[in-house]
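Undergrad: The following comprises the amino acid sequence and a computationally predicted model.
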Amino acid sequence: MRYTFMMPELPEVETIRRGLNAAIINKQIADVQVLVQRSFPTFNAAIKESLIGSKIHDIKRQGKLLIICLNNKHCLAIHLRMTGQLVFRATSGTKPNDANGKSESGNTDNSDGNDCCDNSFGGGYPSASLVRQLPDKSTRVIFDFLDKSHLFFNDQRKFGYLKYMLISDLASDEFIRRLGPEPLDDNFTWETFRDSLPLASKRPIKAVLLDQSVIAGVGNIYADESLFAAGINPARAVALLNKKDIKRLAESIVCCMRQSIADGGSTMRNYVDGLGQRGEYLDLHAQVFNRAGSPCARCGRAIEKTRVAGRGTHWCPNCQR
DNA sequence: CACTTGACCTGTCCGC
DNA sequence: TGCGGACAGGTCAAGT
């Protein structure tokens, strides 16, 4: 089975949060199955007992971390890392005419609304033509709700994880405690960003943007895109940025992320043709990511792909100095 | 101390 | 067609 992947950075996680918010609030958990222990390392009989019977109360996000709050003072903190997905299915099983796999006509799924909400959150889910039966081999955790609907945590590469904890312990959680400012917070300003940057550092700005303690939620796509938008060479040392650069960069990060959320996030679709799935940021608005060799929208020179901070990095050598 | 690299995984793509 | 190897990216541990 081939399907698209979401690249879960802040806009994708926010898109998922909104979709789940519409789909699972107030649903009561009837059962939990952990198929791969490492995806939910602390899971045990006591946690299972605590989860069963609880209701989904709220869904929050901190950086790339999704937090499902329950009505029992606990929450599930979920990090999707790179290939994690949360897929809601209102009923179990697949569509009758899905039985022969991935026919091009699989749009049947969209026609009857809520039976499958793949496309509702994340954009990384299979397009309508690729509805797959769940669980599948990437399924790690299954939440069964009392109304017979399900939430699947799928994660091909097993890097993502679930954590069960008291809501009151969130603030002291080591991962959350270290997160830098949230670019989408109302009180986020370029000064906030500046104060969080290691201003004397010789590290490349791209590496620093990927550091979640500097700014929360930026990953490889939005690092590249916001550096392009700000006209800054990804390899430039932070110490060589001036006030104008920092200001432009802060604005670019916010702008790219807002645009991406409006587009439903980013989906890597190099495996399938698009058939109406969400997550169209890369198609509609990305300027450099995955566009090596294509002409720069600003100057026409070919976009290059190099390696910065050990990551594939896309940029325009002419526009980014 | 500052910074970089490798490990964790699995599936896909590319070249032979 | 099949196989091996490079590659993808978020985070943290280990290395320089």
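TA: Done, it's in.
Undergrad: so where do the strands sit in chain A?
TA: Under the criterion DSSP state E, strands of chain A are mapped to A:5-6, A:29-34, A:56-62, A:65-70, A:74-79, A:84-89, A:139-145, A:150-155, A:161-166, A:267-268, A:304-308, A:311-315.
Undergrad: for the third one, the distance to its chain's centre please.
TA: Strand A:56-62 sits 15 Å away from the centroid of its parent chain (CA atoms, centre = their mean, to the nearest Å).
Undergrad: Around residue A:58, count how many other residues there are.
TA: 13 (other CB atoms under 10 Å). To be clear about C-beta, it is placed using only N, CA and C from the backbone, and glycine gets the same treatment.
Undergrad: Ok, residue A:293 next?
TA: Neighbour count of residue A:293, defined by other CB under 10 Å: 8.
Undergrad: go on, residue A:179?
TA: For residue A:179, using other CB under 10 Å, the count is 18.
Undergrad: Likewise for residue A:185?
TA: Counted with other CB under 10 Å, residues neighbouring residue A:185 total 11.
Undergrad: hang on, isn't residue A:236 packed against residue A:205?
TA: Yes. Look at residue A:236 against residue A:205 with CB atoms under 8 Å: they come within range, at 5.5 Å.
Undergrad: so where's chain A shaky on pLDDT?
TA: A:1-6, A:92-131, A:269-278 (pLDDT under 70).
Undergrad: just to revisit the earlier point, pick out whichever of residue A:236 and residue A:205 has more residues nearby.
TA: Per other CB under 10 Å, whichever of residue A:236 and residue A:205 has more neighbours is residue A:205, with 29 against 17.
Undergrad: So which bits of the stretch 51-200 of chain A are right by DNA strand C?
TA: Proximity of the stretch 51-200 of chain A to DNA strand C, by CB under 7 Å from any atom of the strand, involves residues A:63, A:64, A:79, A:81, A:82, A:83, A:157, A:159, A:174, A:175, A:178.
Undergrad: Between the residues you listed, which sits nearest DNA strand B?
TA: Nearest to DNA strand B among these: residue A:157, at 3.4 Å, using CB to the nearest atom of the strand.
Undergrad: got the residue ranges for the helices in chain A?
TA: For chain A, the helices defined by DSSP state H cover A:10-24, A:45-51, A:108-111, A:174-177, A:190-196, A:205-209, A:220-230, A:243-262, A:281-284.
Undergrad: Reformat the strands of chain A as CSV; add distance to residue A:283.
TA: Putting these into CSV (distance: least, CB to CB, whole Å) gives the following:
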stretch, distance to residue A:283
strand A:5-6, 14
strand A:29-34, 36
strand A:56-62, 24
strand A:65-70, 24
strand A:74-79, 26
strand A:84-89, 20
strand A:139-145, 28
strand A:150-155, 23
strand A:161-166, 30
strand A:267-268, 9
strand A:304-308, 18
strand A:311-315, 15
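Undergrad: Buried deepest among those strands, which one?
TA: Mean neighbours per residue, mean count of other CB atoms under 10 Å, is largest over the strands of chain A for strand A:84-89, with a mean of 26.
Undergrad: contacting residues around residue A:238?
TA: Residues in contact with residue A:238 (CB atoms under 8 Å, 6 or more residues apart in numbering) are A:197, A:198, A:199, A:200, A:201, A:202, A:203, A:204, A:205, A:208.
Undergrad: Disregarding residues adjacent in the polypeptide, which is nearest to the closest residue to DNA strand C within the stretch 151-300 of chain A?
TA: DNA strand C sits closest to residue A:219 of the stretch 151-300 of chain A, with a gap of 2.5 Å, by CB to the nearest atom of the strand. Of all residues not flanking residue A:219 in the chain, residue A:9 sits nearest, at 3.5 Å (CB to CB, 6 or more residues apart in numbering).
Undergrad: Let me know whether that neighbour touches residue A:221 as I believe.
TA: Yes. Using CB under 8 Å, residue A:9 is in contact with residue A:221, at 6.0 Å.
Undergrad: From DNA strand C, how far off is residue A:51?
TA: Separation of residue A:51 from DNA strand C (CB to the nearest atom of the strand, to the nearest Å): 24 Å.
Undergrad: residues touching that residue, list them.
TA: For residue A:51, the contacting residues are A:29, A:32, A:70, A:74, A:143, A:164, by CB under 8 Å, 6+ apart.
Undergrad: Recalculate using a threshold of 7 Å.
TA: Counting by CB atoms under 7 Å, 6 or more residues apart in numbering, residue A:51 makes contact with A:29, A:32.
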